[in-house]
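Quick one, what's the 3D model for this:
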Amino acid sequence: SNLDPANEYVVSTRVRCGRSMEGYPFNPCLTEEQYKEMEQKVSSTLSGLEGELKGTFYPLTGMSKDVQQKLIDDHFLFKEGDRFLQAANACRFWPSGRGIYHNENKTFLVWCNEEDHLRIISMQMGGDLGEVYRRLVTAV
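Below is the predicted model of the structure:
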């Protein structure tokens, strides 16, 4: 279902969802060990993706300046939370246990332990909402 087949009006389309991982509290109550454990589980699960979803996981801890700049340029890198998240203790142990995954086409992303445990994002240029949604559903 392309909402703009002539590409006259829609620049890009994005569908995203936030998920919590079973057995873990919300961010303000997580220990550093839990953050790291969750990052490991997410990273190892995502490494099994194939086809269109196959990509790379980038841990925030120890990230090189080159990789950091590349992710900033692509508008993929999330920053430490704002003062409201900090006041809620949702940014403790930053950047430990956080990471970003994206596929080779840069149309599928997963943020690990940003504000939600998982933020899963499908996006692309143009108005093909059907394709963007299908990619997200396939991944989830």
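
and the residue located most distally from the centre of the chain, what is it in contact with?
Distance from the C-alpha centroid of the chain peaks at residue 6, with 29.6 Å (C-alpha atoms, centre = their mean). Residue 6 sits next to no residue when contact means C-beta atoms under 8 Å, 6 or more residues apart in numbering. (Glycine included, C-beta is placed from N, CA and C.)

ditto for residue 34
For residue 34, the contacting residues are 24, 25, 97, by C-beta under 8 Å, 6+ apart.

avg pLDDT for the longest helix anywhere in the chain?
Ordering each helix of the chain by length in residues (DSSP state H) puts helix 32-46 first. Averaging pLDDT along helix 32-46 yields 97.

Of the contacts of residue 34, just the buried ones, ChimeraX syntax please.
Paste this into ChimeraX to select the buried members of the contacts of residue 34, with burial taken from 16 or more other C-beta atoms under 10 Å:
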select :24,97
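
Same list (the contacts of residue 34) but as a markdown table, adding pLDDT.
Conversion of the contacts of residue 34 to a markdown table gives the following (pLDDT from 0 to 100):
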| residue | pLDDT |
| --- | --- |
| 24 | 97 |
| 25 | 95 |
| 97 | 95 |
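
Export the contacts of residue 34 to CSV and append columns for distance to residue 15 and secondary structure.
Shown next, in CSV, are the contacts of residue 34 (distance: C-beta to C-beta, whole Å; DSSP: H, G, I helix; E, B strand; the rest coil):
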residue, distance to residue 15, secondary structure
24, 24, coil
25, 27, coil
97, 26, coil
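
now, which of the contacts of residue 34 sits nearest residue 124?
Taking C-beta to C-beta as the measure, residue 124 lies nearest residue 97 of the contacts of residue 34, at 28.9 Å.

Go ahead and confirm that closest one touches residue 42.
No. Using C-beta atoms under 8 Å as the test, residue 97 is too far from residue 42 to be in contact (9.5 Å).
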